[in-house]
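A.B. asks: Take a look and give me a structure for this.
(chains A and B)
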Protein chains: 2
Amino acid sequence: MSAANQQVLIAIIGAGGVGKSFLSQLTTLAARRSSPKLNLCFISTSKKSLYSSDYAPIDAEKALDGLAASTQAAPSVAQLTEYLASAPAKVVLVDNTSSEDIANAYPGFLSRGINIVTPNKKAFSGSYTLWESIFSSAAKGGAHIFHESSVGAGLPVISTLKELVETGDRVTKIEGVFSGTMSFLFNSFAPTSGAGGKWSAEVKKAKELGYTEPDPRDDLNGLDVARKLTILARLAGLPVESPTSFPVQSLIPKELESCTSGDEFMEKLPSFDYEMEQTKLSAEKEGKVVRFVGSIDVASKQVKVGLEQFDATHPIAALKGSDNIISFYTERYGGNPLIIQGAGAGGEVTAMGVTGDLLKVLARIS
Amino acid sequence: MSAANQQVLIAIIGAGGVGKSFLSQLTTLAARRSSPKLNLCFISTSKKSLYSSDYAPIDAEKALDGLAASTQAAPSVAQLTEYLASAPAKVVLVDNTSSEDIANAYPGFLSRGINIVTPNKKAFSGSYTLWESIFSSAAKGGAHIFHESSVGAGLPVISTLKELVETGDRVTKIEGVFSGTMSFLFNSFAPTSGAGGKWSAEVKKAKELGYTEPDPRDDLNGLDVARKLTILARLAGLPVESPTSFPVQSLIPKELESCTSGDEFMEKLPSFDYEMEQTKLSAEKEGKVVRFVGSIDVASKQVKVGLEQFDATHPIAALKGSDNIISFYTERYGGNPLIIQGAGAGGEVTAMGVTGDLLKVLARIS
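C.D. replies: Prediction:
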């Protein structure tokens, strides 16, 4: 092994919740591995950056302080690509943002041989052209790209689906609860035992507990779930054009679509509680509970996101807290699906998926 | 890439249910991959073999017929090691047996650079010395070894546990139903709704449906579950000495331990139905159901296998058919565990785990 191969350079974009957890996991990982040495060479937010032209290692434990004190502006995507492609060792770019601009730049990074690991859903749920370009660029550049945390955070959802497909199983249906926020809301609003609260009160509680986006409409519009379904459908072989190319039920009442702020929306939501109450009651009449699910029927090529009713004993109804659940129905698994369940959001478990992806890249390049 | 690297040689030991399914999956896989070319060069049962001294490719689709017609005896382990270590390309040995002799030979294969993928539990649940020798030999020989199907067949149990550990999570407890046979027996005997049948009648039915080993005592003694627990405990960091070094509850009544055949056992079992009936009733008095589970408490280093009671709404109680369920409690996942559930036995899904492992090796060597 040449001297240049004895290190792998890590570049991180994004220093929010996931970024911070990832840095901490990287510190632990780097301390445990002697070869190759994992050296952080770059870290940035959308505004600032910390790196040097000679790729000198940055102490991961002090990277956030260094970044806070830095006066260096974030480089442009073109500058960053050039910087990383000229590095004296193999590079793994860790994109811990949810930026569409960075996502659009993946083909450029990959075709220059820069490996990528990321929880960023945008790249894989944007246009189908971008999806194809990402994987053809990776092949061309001999680079690897993994995105386990783009669905279900650290849960082994994408690796499992890929393995089912690659080993020749035929996936017939994928169904589940793909949003921690929606899981929490419906487990509280329509529990399998007990009454549950009013819809607007549950949304308010979820927001206060930090289970929703700062503006809860970003969860209630269903787009986050639609993005995840787009990714899984594509991996299962359906060339889904975009997250808006199939039916997605929004839980934002029509009358509130014109609200100009999240605050205004939250204030007016209680006036529309009867709609969700009706939905809950009509499920109860059938002895069921209502849940917000996504499903992919591979044979009929149908993807959809929205409310559905389940028996109280169904694993989707019995979910707890803000857990995700994903069921894979396949030819080999027959009537009983392969099920994966657990926390599908949160900095630590999302970063774990990213760190796991980094290990997969390292196994392939070193 | 040199010409020698443009192919990977596959050698298979074992041509039973898993072996046959694996051959079929290998045929599909080899047809889809152009580089490296996957060439079957060896296949054997405990008695016969099919291979040539020049490593000429064997048509995987016709391998079973060729093996049946072959008059070549199976080589000794020493001969096979020499044959594979002298091959003109990298080799993956697929051990589809449950042979202890083959398992004991793993260190020899690995130290000579021969990669191994296998569902064979014996190597990983034998003595701790063998376990250590396997992984030190792999490191020495630069070889890879994967054994996903040794626990839960194709379910992503081992890969998930490894990733939790490698990314720095702290696994606190592992609990689950690890035997398809035990799952089927208890889901029928003590269902969450309805009465269930008599214990001996359920065992008889499971045997007739092919859910048990030819001699059901091989399931009821708990050793199969104990072997799986040994593997998971070791991966979680506990140096468990052997599957008999922790408490394992056998469901073979003391009085029937001296039966000289499975038939005699099955004939006498109905006289002991009252024991299991008592167990079921005492759980019902608490509003619970009884299940045969394995658990690993990492902090207190306690591993145990046997009957336990669960609320009807607990995921372990709600299991269906012959499904396995495995719950990982970790620091990152907090109160709600990461759960994996689905078929944990059967030729197709077991072979899928092996084929998935083969893909992992290929990603690392080609």
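A.B. asks: domains for chain A, by residue range?
C.D. replies: Following the assignment in the TED database, chain A carries domains at A:7-153+A:348-363, A:157-343.
A.B. asks: Any idea which of those gets closest to B:I13?
C.D. replies: Within the domains of chain A, the stretch nearest B:I13 is domain A:157-343; the backing value is 19.9 Å (Cβ to Cβ). Where you see a C-beta, it was placed from the backbone N, CA and C, and this is true even at glycine.
A.B. asks: For that closest one, measure first residue to last.
C.D. replies: In domain A:157-343, first residue to last residue: 12 Å (Cα to Cα, to the nearest Å).
A.B. asks: list the contacts for A:L93?
C.D. replies: Going by Cβ atoms under 8 Å, 6 or more residues apart in numbering or on different chains, A:L93 touches A:11, A:13, A:84, A:109, A:114-117.
A.B. asks: mind checking pLDDT for it?
C.D. replies: Listed pLDDT for A:L93 reads 98.
A.B. asks: Any regions of chain A where pLDDT drops low?
C.D. replies: Low-confidence regions of chain A, defined by pLDDT under 70, span residues A:1-5.
A.B. asks: Which helix in it has the most residues?
C.D. replies: helix A:347-365 (DSSP state H).
A.B. asks: Run the chain-centre distance for it.
C.D. replies: Distance of helix A:347-365 from the chain centroid (Cα atoms, centre = their mean, to the nearest Å) equals 13 Å.
A.B. asks: Please enumerate the helices of the stretch 151-300 of chain A.
C.D. replies: Remark: helices assigned in the stretch 151-300 of chain A by DSSP state H, counting those that start in this stretch are A:158-166, A:180-189, A:199-208, A:217-220, A:223-235, A:262-268, A:273-285.
A.B. asks: which residues are in contact with the shortest one?
C.D. replies: Looking back up the chat, that one is helix A:217-220. A:179, A:181-182, A:203, A:212-213, A:224, A:250-252, A:259, A:262, A:265.
A.B. asks: Ok, the last one next?
C.D. replies: Surrounding helix A:273-285, the residues in contact under the criterion Cβ under 8 Å, 6+ apart are A:189-190, A:196, A:198-200, A:251, A:253, A:289-290, A:307, A:309.
A.B. asks: Drop anything exposed from those residues.
C.D. replies: A:189-190, A:196, A:199-200, A:251, A:253, A:289-290, A:307, A:309 (16 or more other Cβ atoms under 10 Å in any protein chain shown).
A.B. asks: Now flag whichever of those residues is closest to B:L130.
C.D. replies: Taking the buried ones among the contacts of helix A:273-285 together and measuring to B:L130 by Cβ to Cβ, the closest member is A:V289, at 50.1 Å.
A.B. asks: Pairing partners for the closest one in the sheet, please.
C.D. replies: When assigned by DSSP bridges, A:V289 has beta-bridge partners A:F310.
A.B. asks: distance of it from A:E166?
C.D. replies: Counting by Cβ to Cβ, to the nearest Å, the separation of A:V289 from A:E166 is 36 Å.
A.B. asks: re the thing from before, between all of the contacts of helix A:217-220, which two are separated the most?
C.D. replies: Across the contacts of helix A:217-220 (Cβ to Cβ), the longest gap, 21.0 Å, separates A:S179 and A:C259.
A.B. asks: between these two, who's got more neighbours?
C.D. replies: A count of neighbours by other Cβ atoms under 10 Å in any protein chain shown puts A:S179 above the other of A:S179 and A:C259, at 27 against 18.
A.B. asks: Pull the contacting residues for that one.
C.D. replies: Going by Cβ under 8 Å, 6+ apart, A:S179 touches A:219, A:224-225, A:228, A:292, A:324, A:344-345.
A.B. asks: how does it look with 6 Å?
C.D. replies: A:224-225 (Cβ atoms under 6 Å, 6 or more residues apart in numbering or on different chains).
A.B. asks: helix or strand for A:K20, which one?
C.D. replies: If you go by DSSP states H and E, A:K20 is part of helix A:17-32.
A.B. asks: quick revisit: for B:V91, which of the domains of chain A is the nearest?
C.D. replies: Of all these, domain A:7-153+A:348-363 comes closest under Cβ to Cβ, at 19.0 Å.
A.B. asks: Tell me how many other residues surround A:P191.
C.D. replies: 15.
A.B. asks: which residue packs closest to it, ignoring adjacent ones?
C.D. replies: Distances taken as Cβ to Cβ, 6 or more residues apart in numbering or on different chains place A:V289 nearest to A:P191, at 7.5 Å, with adjacent residues excluded.
A.B. asks: A:A317 is in contact with the one you found, correct?
C.D. replies: Yes. The pair A:V289 / A:A317 is scored as a contact, 5.0 Å apart, by Cβ atoms under 6 Å.
A.B. asks: The residue minimising distance to the centre of chain A: what's it in contact with?
C.D. replies: With distances taken as Cα atoms, centre = their mean, A:S150 lies nearest the centre of chain A, 2.5 Å away. By Cβ under 6 Å, 6+ apart, the residues touching A:S150 are A:119, A:121, A:124, A:231.
A.B. asks: try 10 Å
C.D. replies: A:98, A:118-125, A:157-158, A:227-228, A:231-232, A:350, A:353-354, A:357 (Cβ atoms under 10 Å, 6 or more residues apart in numbering or on different chains).
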